[in-house]
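In: coords below, sequence missing:
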């Protein structure tokens, strides 16, 4: 049997990880990536995004032997550090067992994956843009600086992100269901550089949040002791990015809303006007599998970033993909169909959870009822670790399917709403009847 | 002031009607249409689709003086003619006052609109395809057989249908929300030719329906005494178009499900395998207005055909557009913004109504409870014509906003559900307490 060949569109995080898995199964892999090789291109500081890597992503990296290599470039974040309007801070730990999520640079992680893929024999063609795909015949139309040409493969996998070229070709086919929905907030990246003495300007082992209702600022630590900040703010209308047109507008916003951040952001105005404002979109589609093609990662299910699960979900796609190839002994229609059947409900679930978590992060984390609920849930988890796991922990620190976590989380939320709606609710979380609460689960 | 110029994409029903309205306001109008001029192209019989024209569409045509000219090519349909499995038929009249809808040929109607537009000074460029739009600068990239060139205008209106090129350009812009959803049924057009003696083979003044639960056949009369039939049938899966691969499969389906239609369809097998199977999509998007562009008709809101309102909704868009230009004295941002604000909720409402009506048509019209409900509602309408208007009448025979009709219809349906859920419900519609029913409206 001659070697089966796979075309992967996109050498981002998901495409490059997928290629490594496919090499393990003996497939010949070509990746076409429209951007230049990031290893030889200087990325400007304002664009280097960091991400939150957690259990699902680490599990997939471990399966290709990269867990410890990636952990070397991670900074643990043990909880949310909430900044109030007066600059007071309070740490809300993520887990009860010292669990943490990891701040990691997208470009550094991608470089590790790309280099590993090449070492494993994947051919990565940078500066090659896919223009369209013939899904019936496995043909990608590829363009580089000189010419446009066809590439034929046994399978084509679109790991080409939220604006996927493969998905764009499928969009015109009958029976392809698709939606893209922008939330009202857009985002802009900003920077907190190291202090003059070369230190982190804020506590490094936390995800910092300035929750302000309709908007928020967050900051994640980088290895160079800077933080990458992201301002989430309405895209249009009154009090929106549209209205922040001059330096004084930006400074006023930060003075009023983020007074303790302003002093550690010496390049705020410069960053603000140099860096782009970008939208936040949720993409859902089906089918993911058509003819000789399949979608994976953001191309199949772009989500908003508020659960820190976009990359983790994409890596888990690759993990599941790998397991299904092993089960079916090869890539074939029934294997791909199983992949879609298994992953589509989980992708829909994490999309919903991510949308919900924006409200939680920007708003509820500063709300006394929410804080009380978190305390009660943590105590429930401590007393009944097999029965009541907080939703955030199910999503972030377990391998439970996203769809299952969402279902359990909604059930638990219903119980918490009943309890907290009660007129006679205690003020202290220790005064609740935990046996009664856990009995309501049944 | 030099003449303001408008580019319209698409010379279909909505684009050509819109152009006539714009000429009335003194705009210079160019239409770019990717198809050939239908007046000089022979349309094959199997593709000539007929449509149901009702009050909203006629109102818009009257506003440009075309009502009587169009009525000359219409065939009135006074009700639904329901065909059961044994070939028995029963007429369910549409209105209480002899109201009717009109079967009209899409191509004949379009020809009237195109010719009128040209008489009014609209320049229609056939065989010119729009490739993309620069919405900020009002530039359309147009391609014909020889070349690709730019057209600049003060405004660009996309009347280019469910697969709109303007909308496709907007799809890539931040903040553009979009969904396309296919229902499980697809459709195929078939024919009932005139009888050997040159007559209609079925009652001409009715919309014929063979409701069969998961699928249905319908037939609308044509001026040449043929009927155009449409088979709505599942797209994929067991008992779907996929399974109808041989002549005997098609004949068996018609023998079993449409026994009285089969004898009057001598070209059934030929038509079935010559004519395409097409999907049924609902498209929703926002914003409709961006920069110097606006979407109108199917380009803004493609709907499934089961309420017979697709064309009527598009014509009503044009009617509203015309009225708003008069109010604002010109096309400008606030006029376009008012157009979107007014029409978007109505487009969403008719999209929902059309989806719901598929269930009603294929299924409920054969259901005794549904028939009883229709009888009760007709009696209510007779007794209280100002208080209880059946939903179908509000949508089809009134100028009430679709969104208002949907709201009232849902309220009325809730009352009917209460009444028909009652254990002691009478069998005869005349035995109901109509005073009680009408009192529940308050």
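Out: Perfect, thanks for sending it. Small disclaimer: the values here were computed from a predicted structure and weren't measured.

In: so where do the helices sit in chain A?
Out: Here chain A has its helices, by DSSP state H, at A:13-24, A:55-63, A:67-71, A:106-119, A:165-170, A:247-257, A:268-274, A:298-301, A:310-328, A:333-362, A:368-383, A:391-396, A:402-421, A:434-439.

In: Make CSV out of those helices and add mean pLDDT, distance to chain B and mean neighbour count.
Out: All C-beta spots, glycine's among them, are computed from the backbone N, C-alpha and C. Formatted as CSV, those follow (pLDDT from 0 to 100; distance: least, CB to the nearest CB, whole Å; neighbours: other CB atoms under 10 Å in any protein chain shown):
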stretch, mean pLDDT, distance to chain B, mean neighbour count
helix A:13-24, 98, 21, 26
helix A:55-63, 98, 27, 21
helix A:67-71, 97, 31, 14
helix A:106-119, 96, 20, 19
helix A:165-170, 97, 9, 24
helix A:247-257, 97, 20, 15
helix A:268-274, 97, 18, 17
helix A:298-301, 98, 15, 28
helix A:310-328, 98, 18, 22
helix A:333-362, 94, 13, 19
helix A:368-383, 90, 29, 17
helix A:391-396, 94, 26, 22
helix A:402-421, 94, 21, 16
helix A:434-439, 93, 35, 13
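
In: between those, which one is nearest to residue B:317?
Out: Smallest distance to residue B:317 across the helices of chain A (CB to CB): 27.7 Å, for helix A:165-170.

In: Tell me how far that closest one lies from the chain's centre.
Out: 22 Å (CA atoms, centre = their mean, to the nearest Å).

In: contact partners of it?
Out: A:9, A:129-135, A:156, A:158, A:160, A:176, A:178, A:283, A:285, A:290, A:293, A:295, A:299-300 (CB atoms under 8 Å, 6 or more residues apart in numbering or on different chains).

In: how much space between the closest residue to residue A:55 other than its chain neighbours and residue A:282?
Out: Nearest residue to residue A:55 in three dimensions, chain neighbours excluded: residue A:397, at 5.4 Å (CB to CB, 6 or more residues apart in numbering or on different chains). When distance is defined by CB to CB, to the nearest Å, residue A:397 is 24 Å away from residue A:282.

In: can you redo the helices of chain A as CSV with distance to residue B:243?
Out: Below are those laid out as CSV (distance: least, CB to CB, whole Å):
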stretch, distance to residue B:243
helix A:13-24, 35
helix A:55-63, 40
helix A:67-71, 49
helix A:106-119, 43
helix A:165-170, 24
helix A:247-257, 61
helix A:268-274, 59
helix A:298-301, 29
helix A:310-328, 26
helix A:333-362, 18
helix A:368-383, 51
helix A:391-396, 42
helix A:402-421, 31
helix A:434-439, 52
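
In: Residue B:332 is nearest to which of the ones you listed?
Out: Proximity to residue B:332, assessed across these by CB to CB, is greatest for helix A:247-257 (27.9 Å).

In: Can you list the helices and strands that that closest one packs against?
Out: Packing contacts for helix A:247-257, counted by 3 or more CB pairs under 8 Å, 6 or more residues apart in numbering or on different chains; DSSP states H and E, involve helix A:268-274.

In: can you give me how far the helix it packs on is from the chain middle?
Out: 25 Å.

In: which other residues reach it?
Out: Here helix A:268-274 has contacts from A:46, A:188-191, A:244, A:247, A:250-251, A:254, A:262, A:265, using CB under 8 Å, 6+ apart.

In: Quick check: the residue lying closest to residue A:213 once chain neighbours are set aside vs chain B, distance?
Out: Distance criterion CB to CB, 6+ apart; nearest residue to residue A:213, sequence neighbours excluded, is residue A:363 at 5.4 Å. For residue A:363, the distance to chain B equals 22 Å [CB to the nearest CB, to the nearest Å].

In: Touching, residue A:363 and residue A:211? I think so.
Out: Yes: under the criterion of CB atoms under 8 Å, residue A:363 makes contact with residue A:211 at 6.3 Å.

In: These two: which is more packed in?
Out: Set residue A:363 next to residue A:211 and count neighbours by other CB atoms under 10 Å in any protein chain shown: residue A:211 wins out with 20 against 16.

In: Return the set of residues that bridge with the more buried one.
Out: Beta-bridge partners of residue A:211, counted by DSSP bridges, are residue A:216.

In: Next, the contact list for it, please.
Out: Residues near residue A:211 by CB under 8 Å, 6+ apart: A:82, A:361-366.

In: Please tell me how far it sits from residue A:97.
Out: Distance from residue A:211 to residue A:97, by CB to CB: 25 Å.

In: Tell me the strands beside the lengthiest strand in chain A, with direction?
Out: Assignment by DSSP state E gives strand A:177-192 as the longest strand of chain A. If you go by DSSP bridges, strand A:177-192 pairs up with strand A:227-234 (antiparallel), strand A:278-286 (antiparallel), strand B:177-192 (antiparallel).

In: Dump these into JSON lines; add distance to residue A:62, mean neighbour count and mean pLDDT as well.
Out: Shown next, in JSON lines, are those (distance: least, CB to CB, whole Å; neighbours: other CB atoms under 10 Å in any protein chain shown; pLDDT from 0 to 100):
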{"stretch": "strand A:227-234", "distance to residue A:62": "26", "mean neighbour count": "22", "mean pLDDT": "96"}
{"stretch": "strand A:278-286", "distance to residue A:62": "28", "mean neighbour count": "20", "mean pLDDT": "96"}
{"stretch": "strand B:177-192", "distance to residue A:62": "37", "mean neighbour count": "20", "mean pLDDT": "96"}
